[in-house]
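Trainee: Fold the stuff below for me.
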Amino acid sequence: MKISITSKKIKITDTLREKIESTFTNLNKFLSDDTEIYVTLNVTKRSQKIEATIYTKTGTILRAENTRDDLYVAIDEVYDKLYKQIRKLKTQLMKRNQSNESIRFKNLDEYIDLNYDYPVIKRFKKFDLDKPMTADEAILQMELLEHNFFVFRNSATEDINVIYKRHDGYGLIEQV
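Mentor: Numbers count the residues shown, from 1 in each chain. Now for the predicted structure:
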């Protein structure tokens with residue numbers, strides 16, 4: 001497993017690097033050796049934030065973030081979130097008796113700064129919709145990314161759909 005650590009407004013000390021590497025290395029037993037984990041640290045006046053993203057070779061993305069006063073506590077909490085996501089993914093895939101290749105979600109583009117007055121689009125996202133999935137697979141991928149919605153190609157209809165969180169469950173937007 002490869003762990004890449006980047007920082008914004010904070011120097012990565014040897015102790016901090018060792019804490020991150022020793023904590024996230026524990027996920028190695030659940031992930032393949034060629035899995036990449038990207039950890040980003042950011043410090044502001046009031047808080048310290050850690051974000052961790054795992055890209056599997058099959059296209060599944062696992063992501064967790066936490067903001068705390070104590071960065072070491074935040075590291076442990078992000079690890080716990082990722083551990084739960086991996087267990088949830090593994091359980092769901094075992095229930096469906098499918099391989100991880102059925103869930104696909106490509107990486108997102110970086111912020112693009114447009115010089116419009118108002119409104120301004122702050123971010124563009126591109127999705128690979130070539131591989132169809134069921135609504136249940138889309139819900140699982142949305143939960144793993146901790147997003148409120150997810151765009152996908154429905155395997156039953158081959159149409160583009162959006163699954164989203166509601167106060168009482170999930171909603172599905174279908175093309176007419």
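
Trainee: what's the closest non-adjacent residue to L31?
Mentor: Spatial nearest neighbour of L31, chain neighbours left out: M1 (6.0 Å); criterion: CB to CB, 6 or more residues apart in numbering. Placement of C-beta: from N, CA and C, glycine included.

Trainee: Packing partners of the helix or strand of the chain with the lowest mean pLDDT?
Mentor: Counting by mean pLDDT, DSSP states H and E, the weakest-scoring helix or strand in the chain turns out to be helix 71-96, with a mean of 82. If you count contacts as 3 or more CB pairs under 8 Å, 6 or more residues apart in numbering; DSSP states H and E, helix 71-96 packs onto helix 14-25, strand 48-55, strand 61-68, helix 135-145.

Trainee: Show me the strands paired with the third one, marking each as parallel or antiparallel.
Mentor: Applying DSSP bridges, strand 61-68 is found paired with strand 48-55 (antiparallel).

Trainee: would you put the C-alpha positions of the partner strand in PDB?
Mentor: Output for strand 48-55, consisting of C-alpha atoms alone and laid out as PDB, is shown next (Å, rounded to 0.1, in the frame of the first residue of the first chain):
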ATOM      1  CA  GLN A  48      -6.900  21.100  12.100                       C
ATOM      2  CA  LYS A  49      -8.300  19.000   9.300                       C
ATOM      3  CA  ILE A  50      -7.300  15.700   7.800                       C
ATOM      4  CA  GLU A  51      -8.800  14.200   4.600                       C
ATOM      5  CA  ALA A  52      -8.000  10.700   3.400                       C
ATOM      6  CA  THR A  53      -8.900   9.200   0.100                       C
ATOM      7  CA  ILE A  54      -8.400   5.600  -1.000                       C
ATOM      8  CA  TYR A  55      -8.400   4.800  -4.700                       C
END
